[in-house]
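# fold the following for me, if possible:
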Amino acid sequence: MWKFWLKGLTRKRQDPIVAEPVVPLPAEQEPPLRVKDWQVLVNSWDGFDRETGLNQIRSSQSTIRLAAILERLNDWVPQVRVTAVMALDDYLTPQHAESLIAQMPAIMALGNRKRADHTQTIKKLETALAMKECIAHCNEAFWGSRGASARFLFNVLIQTKVENDLTLFLVETMGHPDLAARQMAIAKTEDLAEEPAQRVIALGLSNASGILRTQSFRAAMRFQEGRIRLIEQFLVDPSSAARSAALWAASQHGIDPSRILLERLAGDMPISKAQWLGVLGLAQNLSVRVPEEWVRPGINQRSGAVRALVLAIEGDHRPEMVVAALSDPSQGVFEVAIKGAHVVVWRDIQDELTSRLEREWETLQPFRRRALHRLMPKWAQVQFLLEQFQKQGNASYWLEQIRLWVEEHYMVFDQITSKIERQQTIQRLTELEATNALPVGSLARLI
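Just a heads-up that it's a prediction; the model follows:
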């Protein structure tokens, strides 16, 4: 055995080992580095690339480049934000006014960002656009702007107005479609003399917006001329905010609101929605009932707001009116009726409400059906469902309604339902639980 092993070992040593020639591999042909343009760089995940892209952007100016700069003003890397601010400075010149105005929504959005304070940036932009060469562009854009853009352009333009030009500009601004611009015009009257200020405020006092009328009323209170008459007029304003301001002013200047109300109630009946809301609103503010002859015409008005006010004033004294209003198509009237029905004696509305629910349960909107059902005392609610379960054909539906009602209630407290009716209801629920129609323990959670 050893002989064969030594022979094999010797043979292996004698076999020459031929090494394979080493062939050098060809050098890898790497593609030439492609120079990345600024559009790729500013959108890179690498902050250094974004900063480099912003530096490349500054080689020329365009609307597309400006949009990219504005986006990077709120970058998450502080150094990128600083570079973006520097790049924006290239556009703060008259020749770029139109481009800046076109990007106004994006610029105004910066004010809502919390990553950095953009106050100084927006202030620089405001100063740049206030230059004489930019005024025409700003003025044209102002009348089509809304919201934050309108407020910004108002501040730009107001810097360029003096004396008569300022008054004329504020008067014109009172016709601006954006409420915020009109509010700023009223606020600016504090810087005007009495006569031009009253000219602007008068436009606000007659404005359709209750918010603007209220603001104009407060601004007008600093002028003595016509103050008493204005307070008396605004005591019957259709806006609740305006009336509240007038009630406060009346207390400061010795005017009795009750006298104004009685004079109106003794006069002609209102002929417009605004007149109805004004007089009825003041009556509600002073907790005064309206004349009998006003009730029926008021509750039959086409305006749901007027009907709701009549119901709010008279509902506590007229249960039948509350019940009728539960069928009113106006959501506002319905909500007032529900609120009034909760304080009405249950037996006064029991028959009407129960019969209505039986007739209209399936056709009522879910919100209304639920609100009407909850007007019943607690045990009467489930008693109604049990009766429908026995009378109606769709037993599975009503059984599900009973189960849902049980799940929503715990330790029912009801002082209105009689003891006998309560025991009958409990007995019927016990039977349902015994037949596994209701989960075990349903009754235990109720009593």
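
# mind listing what's buried in stretch 330-338?
330, 333-334, 336-338 (16 or more other C-beta atoms under 10 Å). All C-beta atoms are positioned from the backbone trio N, CA, C, and that covers glycine.

# and for that stretch, what's in contact with it?
For stretch 330-338, contacts defined as C-beta atoms under 8 Å, 6 or more residues apart in numbering pick out 304-305, 307-308, 311-312, 315, 322-323, 325-326, 328, 368, 371-372, 375.

# pretty sure residue 131 contacts residue 94?
Yes - Residue 131 is within contact range of residue 94, at 5.7 Å (criterion: C-beta atoms under 8 Å).

# contacts for stretch 364-374?
By C-beta under 8 Å, 6+ apart, stretch 364-374 touches 326, 334, 338, 353, 356-357, 361, 381, 384.

# one more time with 10 Å
326-327, 331, 334-335, 337-339, 341-342, 353-354, 356-357, 360-363, 380-381, 384-385, 401, 405 (C-beta atoms under 10 Å, 6 or more residues apart in numbering).

# any idea of the mean pLDDT for that stretch?
Averaged over stretch 364-374, pLDDT sits at 92.

# do the same with stretch 254-270
pLDDT averaged over stretch 254-270 gives 94.

# and that stretch, what's buried?
Result for stretch 254-270 [16+ other C-beta under 10 Å]: buried residues 255, 257, 260-261, 264-265, 270.

# if we can go back for a sec, show the buried residues in the contacts of stretch 330-338.
For those, a burial check counting by 16+ other C-beta under 10 Å picks out 304-305, 307-308, 311-312, 315, 322-323, 325-326, 328, 368, 371-372, 375.

# tell me which of those is nearest to residue 120?
Residue 120 lies nearest to residue 305 out of the buried ones among the contacts of stretch 330-338, by C-beta to C-beta, at 46.6 Å.

# tell me which element the closest one is part of?
helix 304-314 (DSSP states H and E).

# tell me the contacts of residue 124?
85, 88-89, 92.

# quick one, what contacts the most centrally placed residue in the chain?
Nearest residue to the geometric centre of the chain (C-alpha atoms, centre = their mean): residue 147, 14.3 Å. Counting by C-beta under 10 Å, 6+ apart, residue 147 touches 105, 108, 178-181.

# now do 6 Å
The contact partners of residue 147, by C-beta atoms under 6 Å, 6 or more residues apart in numbering, come to none.

# what of the one 3 residues further on?
The neighbours of residue 150, taking C-beta under 6 Å, 6+ apart as the test, are 178, 180-181.

# again with residue 328
Residue 328 touches residue 334, counting by C-beta under 6 Å, 6+ apart.

# what's the burial count for residue 193?
10 (other C-beta atoms under 10 Å).

# show the pLDDT at it.
Reading off the model, residue 193 has pLDDT 90.
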